[in-house]
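Asker: attaching a predicted model along with its sequence, questions to come.
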Amino acid sequence: MKARTRFAPSPTGELHIGGIRTAIFSWLLAKHTGGEFYIRLEDTDQERYVPGSARRILQSFDWLGIQLDGGPDHAELAAMKTNEDYPEALADGSYHGVPKPFVQSQRLAFYKERSEWLIANGYAYRSNETSEELDAMRKEAEAKKQNFRFHEHMRLRTDIKPDEPHVVRMRILPPNGQTVLNDALKGKVVFENANVDDAILLKSDGFPTYHLAVVVDDHMQGVTHVLRGDDWLPSAPKHVLLYQYFGWDQPVWAHTPNVNGNDGRKLSKRHGAQTIWEFRDQGYLPEAMINFLAMLGWAPGNGDEQNVFTIDELIAKFSLDGVGISPAVFEYNKLDWLNGVHIRRLPAEDLAKRLEPFLAQAGVVVDTPEKHEKLLRMIPLITERIKKLNEAAPFVDFVFSDIVTPPQEQLIGPKMELHLSLHALKESRRVLDELPNFDDAAAMEEAMRKLGDDLALKPTQLFTIIRNAVTGKSVTPPLFGTMAVMGKATTLERIDRAIAQLSGR
RNA sequence: GCCCUCAUCGUCUAGUGGACUAGGACGCGGCCCUUUCAAGGCCAAAACACGGGUUCGAAUCCCGUUGAGGGCACCA
């Protein structure tokens, strides 16, 4: 059975990493079945709307490499309260049959129509308490240590005409019955109707609340599986009831556990990165983010112990059965490791391309074909040394810009005297200069090892001196490959400067 | 206060009544490899929250306790 799923954020700010995980689950489920995944913007709260956030939400999916089968297009975004600019054409309108529009503020007529239907059929009623009146009722209940739940009998005025300001509230029927949610993850969850309040469905400004809008849209747009955060569980009976009132088949419900920080609490700013952009800026790969997030609360199961997945593998193996029911803690250790794994899987040209912005930010300029070529040659030498893209710069910066000649103490080999180090440096220069082909790192290594033998030096001793002389650092990618990339002229020039430094000149 | 959910190594998890002396991964420790740093290989330490049941047998089923999380808006 083909699944059609959606992710329905409200454009009130940045997407939270936990929300993105839910979106990834939904997307994987849809793609696993050959179905569709789309985005719907739930902008029914005019107050909380943040201009620009719709565009950022769409761009998040773009960065992650998640292809949408539907979502607000140019015209829909343009029609939002504040003009949204999304230059990249999101889709061409061929939405696999998912009916437009994908922005709730442009679907108002549907909600109005359904709400009138509910009233006409006895499932909803008009009500017009002011917020002050409601507050007073709440305070009173609190003073009596009672729960406040709005029910029809509490109405202050009952003779409300359709043309005067009012809200529409749902009736909970039968009042003393039970409503059962069949959740694919949690199983049967039973709610006493007495504990469900008469939620507002249509606000006095004519906009729907979430409860009405989500049910109407999911039905009209043919959503088969509703995946959403655990925090929606308490209001799920309202939605179940609405489906029953309308006589519609319910979707498969799946309330996913939340993602917590390492203190077991809901992820928030003090836990570090929040938005996908922060991860991107720290040098995490979208491939790794998807892999990691998918495994946060999901595992292939059946004894399958795979940890590293390509996107295609995730799509092939994902199913709701593998989704857990207890909250997961977001930890960076495994993410970092996974990111390193995915970096090592990248072809050199691809990694170089992704590295360039990070190098530029660190002041390493790769702006000519020659420099690009050098970077490409450095890639195999650094790929297994970095876990994040922002860690590459220290491994290559000395290739692209000059170094400060190291102080004497750095040019003296371990357990060696100054004069012996100086001699080793001079001999190294001679050997390197005599090399027939400076590009041949293997031959270079062979020659240098022989020199070490001749001088009765351990490789560590000799190579440490050269490493410091040539790179100015004690930690670098493999020495000879690096020198080959730097080239003969640069290498010998730096050794000359080191010789001068050690000679005290 | 009321309602709901959850509970296996530090973390992500496998496990659906016997194959569990509880498996894998990350991290941590050790060893090997080694020109530095990594990567890689090998080894080790590390968990069924607690208490009652049910059963010949329970990490797995039931009840309770404790702990944690979430929800109780003209917000989603």
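Answerer: Yep, that arrived.

Asker: can you get me a residue count around residue A:278?
Answerer: As a burial measure, residue A:278 scores 13 neighbours (other C-beta atoms under 10 Å). Any C-beta I mention is one placed from the backbone N, CA and C, and that applies to glycine too.

Asker: which SSE is it in?
Answerer: helix A:276-281 (DSSP states H and E).

Asker: quick check: mean pLDDT of that helix?
Answerer: Across helix A:276-281, pLDDT averages out at 96.

Asker: got the contact list for it?
Answerer: Applying C-beta atoms under 8 Å, 6 or more residues apart in numbering, the contact partners of helix A:276-281 are A:14-15, A:17, A:20, A:60, A:63-64, A:273, A:286, A:289, A:390.

Asker: right, and the helix or strand after the lowest-mean-pLDDT helix or strand in chain A?
Answerer: Ranked by mean pLDDT, DSSP states H and E, the weakest helix or strand in chain A is helix A:74-78, scoring a mean of 84. Using DSSP H and E, the next helix or strand after helix A:74-78 towards the C-terminus is helix A:108-120.

Asker: what about the following helix or strand past that following helix, near RNA strand B?
Answerer: Using DSSP H and E, the helix or strand that follows helix A:108-120 towards the C-terminus is strand A:124-127. No: Strand A:124-127 is not in contact with RNA strand B by C-beta under 7 Å from any atom of the strand; minimum separation 7.8 Å.

Asker: residues in contact with the next helix or strand after strand A:124-127: which ones?
Answerer: Sequence order places helix A:131-143 as the next helix or strand after strand A:124-127, per DSSP H and E. Residues from elsewhere that reach helix A:131-143 (C-beta under 8 Å, 6+ apart): A:129, A:147-148, A:150, A:154, A:156.

Asker: ok, now which ones touch residue A:223?
Answerer: A:4-6, A:217, A:251.

Asker: got phi/psi on the closest residue to residue A:69 other than its chain neighbours?
Answerer: Counting by C-beta to C-beta, 6 or more residues apart in numbering, residue A:36 is the residue found nearest to residue A:69 once chain neighbours are left out, at 3.8 Å. Main-chain dihedrals, residue A:36, degrees, to the nearest 10: phi -110, psi 150.

Asker: relative to RNA strand B, which of the contacts of residue A:223 is nearest.
Answerer: Nearest to RNA strand B among those is residue A:217, at 10.4 Å by C-beta to the nearest atom of the strand.

Asker: contact residues of the stretch 251-400 of chain A facing RNA strand B?
Answerer: A:257-258, A:260, A:262, A:264-266, A:295-299, A:301-303, A:305, A:307, A:321-322, A:324-329, A:331, A:333-334, A:336-337, A:340-341, A:344, A:384-385, A:387.

Asker: I'd like to know which of these are buried.
Answerer: Among these, those that count as buried by neighbour count (16 or more other C-beta atoms under 10 Å) are A:257-258, A:260, A:295-299, A:322, A:327-328, A:336, A:340-341, A:385, A:387.

Asker: which of those fall within helices?
Answerer: Judged by DSSP state H, these include A:295, A:336, A:340-341 as members of helices.

Asker: can you give me the helices for the stretch 201-350 of chain A?
Answerer: With DSSP state H, counting those that start in this stretch as the criterion, the stretch 201-350 of chain A has helices at A:210-220, A:236-246, A:276-281, A:286-295, A:311-317, A:332-345, A:348-361.

Asker: may I see those organised as a markdown table, with distance to residue A:196 added?
Answerer: A markdown table is the format used below for these (distance: least, C-beta to C-beta, whole Å):
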| stretch | distance to residue A:196 |
| --- | --- |
| helix A:210-220 | 11 |
| helix A:236-246 | 5 |
| helix A:276-281 | 35 |
| helix A:286-295 | 33 |
| helix A:311-317 | 37 |
| helix A:332-345 | 39 |
| helix A:348-361 | 50 |
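
Asker: and those: which comes nearest residue A:373?
Answerer: Residue A:373 lies closest, by C-beta to C-beta, to one member of those: helix A:348-361, at 9.8 Å.

Asker: off-centre distance for that closest one?
Answerer: Remark: helix A:348-361 is offset 20 Å from the chain centroid, using C-alpha atoms, centre = their mean, to the nearest Å.

Asker: enumerate the positions of that helix that are buried.
Answerer: Quick answer for helix A:348-361 (16+ other C-beta under 10 Å): A:351-352, A:354-356, A:358-359.

Asker: which strands and helices sit next to whatever helix or strand comes next after it?
Answerer: As assigned by DSSP H and E, the chain's next helix or strand after helix A:348-361 is helix A:369-382. Packing partners of helix A:369-382 (3 or more C-beta pairs under 8 Å, 6 or more residues apart in numbering; DSSP states H and E): helix A:348-361, helix A:393-400, helix A:479-486.

Asker: and the ones you listed as CSV, adding mean pLDDT and distance to residue A:68?
Answerer: CSV is the format used below for these (pLDDT from 0 to 100; distance: least, C-beta to C-beta, whole Å):
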stretch, mean pLDDT, distance to residue A:68
helix A:348-361, 98, 23
helix A:393-400, 98, 34
helix A:479-486, 98, 42
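
Asker: need those in TSV with distance to residue A:228, can you?
Answerer: Below are the helices and strands packed on helix A:369-382 laid out as TSV (distance: least, C-beta to C-beta, whole Å):
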stretch	distance to residue A:228
helix A:348-361	33
helix A:393-400	41
helix A:479-486	51
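
Asker: quick one, which of those gets closest to residue A:118.
Answerer: Closest to residue A:118 of the helices and strands packed on helix A:369-382 is helix A:348-361 (C-beta to C-beta; 52.2 Å).

Asker: which strands or helices does the closest one pack on?
Answerer: Applying 3+ C-beta pairs under 8 Å, 6+ apart, we find helix A:348-361 packed against helix A:369-382, helix A:393-400.

Asker: out of those, which is the most enclosed?
Answerer: Highest mean neighbour count of the helices and strands packed on helix A:348-361: helix A:393-400, a mean of 20 (counted as mean count of other C-beta atoms under 10 Å).

Asker: for the helix or strand just after that helix, what is the distance to the chain centroid?
Answerer: If you walk from helix A:393-400 toward the C-terminus, the next helix or strand you reach (DSSP H and E) is helix A:408-411. Centre-to-centre, helix A:408-411 and its host chain are 45 Å apart (C-alpha atoms, centre = their mean).

Asker: swap in stretch A:282-296?
Answerer: With C-alpha atoms, centre = their mean as the basis, stretch A:282-296 stands 7 Å off its chain's centre.

Asker: next: stretch A:192-207.
Answerer: On C-alpha atoms, centre = their mean, the centre of stretch A:192-207 falls 33 Å from the chain's centre.

Asker: also stretch A:278-298?
Answerer: With C-alpha atoms, centre = their mean, you get 6 Å for stretch A:278-298.

Asker: tell me which residues of that stretch come out buried.
Answerer: Using 16+ other C-beta under 10 Å as the test for burial, stretch A:278-298 gives A:279-280, A:282-298.

Asker: check stretch A:46-62 too.
Answerer: Within stretch A:46-62, the residues that count as buried by 16+ other C-beta under 10 Å are A:49, A:53-58, A:60-61.
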